[in-house]
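Trainee: Make a model of this:
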Amino acid sequence: MTHSKVIIYSDGGARGNPGPAAIGVFICDEKGNALQEHHEVIGEATNNIAEYTAVLVGLELAKKLGAREIHYFVDSQLVASQLTGKYRIKTPHIQTLCRQVKEREKSFDRVKFQQVPRTNEGISRADKLVNLALDLAGH
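Mentor: Residues are numbered from 1 along each chain as shown. The predicted structure follows:
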């Protein structure tokens, strides 16, 4: 079953920064019904790289679900501001990750990024997925 509008919450984190890193993605429909959860270890990375990797994976998963419109929530003010063009990106590897996100966005009719606090229920769920991935990997 395809879902034309989805809500995505994602988080990425590194224990150490840089250190062992993982991502967590929680996707639901407009009513908040869970559609998919995803967690994985991504190797050694910084928190920012993990956050961007989570966004890239979230968009890829949404595409597989047949989404056309996405309301995308992250807890990182920096990432949200960079993805919405509010902040300039000076670091070359982060510029590359942002370009990859913008390229993936073209697969959808509409993608809206928004920052929400860590206490947000969806972000909290994504954060738990990050920690689950790291714990399962023994980090």
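Trainee: Could you pull out the strands in this protein for me?
Mentor: Under the criterion DSSP state E, strands of the chain are mapped to 5-14, 19-28, 34-45, 69-74, 110-115.
Trainee: Looks like residue 93 contacts residue 49 (just checking).
Mentor: Yes: contact status for residue 93 versus residue 49: in contact at 7.3 Å, counting by Cβ atoms under 8 Å. C-beta coordinates here come from the backbone N, C-alpha and C atoms, glycine included.
Trainee: Tabulate the strands of the chain in a markdown table, adding columns for distance to residue 62.
Mentor: Shown next, in a markdown table, are those (distance: least, Cβ to Cβ, whole Å):
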| stretch | distance to residue 62 |
| --- | --- |
| strand 5-14 | 5 |
| strand 19-28 | 6 |
| strand 34-45 | 9 |
| strand 69-74 | 6 |
| strand 110-115 | 9 |
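Trainee: Among those strands, which comes closest to residue 80?
Mentor: Among those, the nearest to residue 80 by Cβ to Cβ is strand 110-115 (3.6 Å).
Trainee: And the average pLDDT for that closest one is what?
Mentor: Taken as a whole, strand 110-115 has a mean pLDDT of 97.
Trainee: which helices and strands does that strand pack with?
Mentor: Helices and strands touching strand 110-115, by 3 or more Cβ pairs under 8 Å, 6 or more residues apart in numbering; DSSP states H and E, are strand 69-74, helix 77-83.
Trainee: Tell me which strands the shortest one pairs with, and in which orientation.
Mentor: Listed by DSSP bridges, the sheet partners of strand 69-74 and their directions read strand 5-14 (parallel), strand 110-115 (parallel).
Trainee: Quick one: those as CSV, columns for distance to residue 27 and mean neighbour count too.
Mentor: Shown next, in CSV, are these (distance: least, Cβ to Cβ, whole Å; neighbours: other Cβ atoms under 10 Å):
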stretch, distance to residue 27, mean neighbour count
strand 5-14, 5, 25
strand 110-115, 13, 16
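Trainee: can you tell which of these is closest to residue 42?
Mentor: Closest among the strands paired with strand 69-74, once you apply Cβ to Cβ, is strand 5-14, at 7.7 Å.
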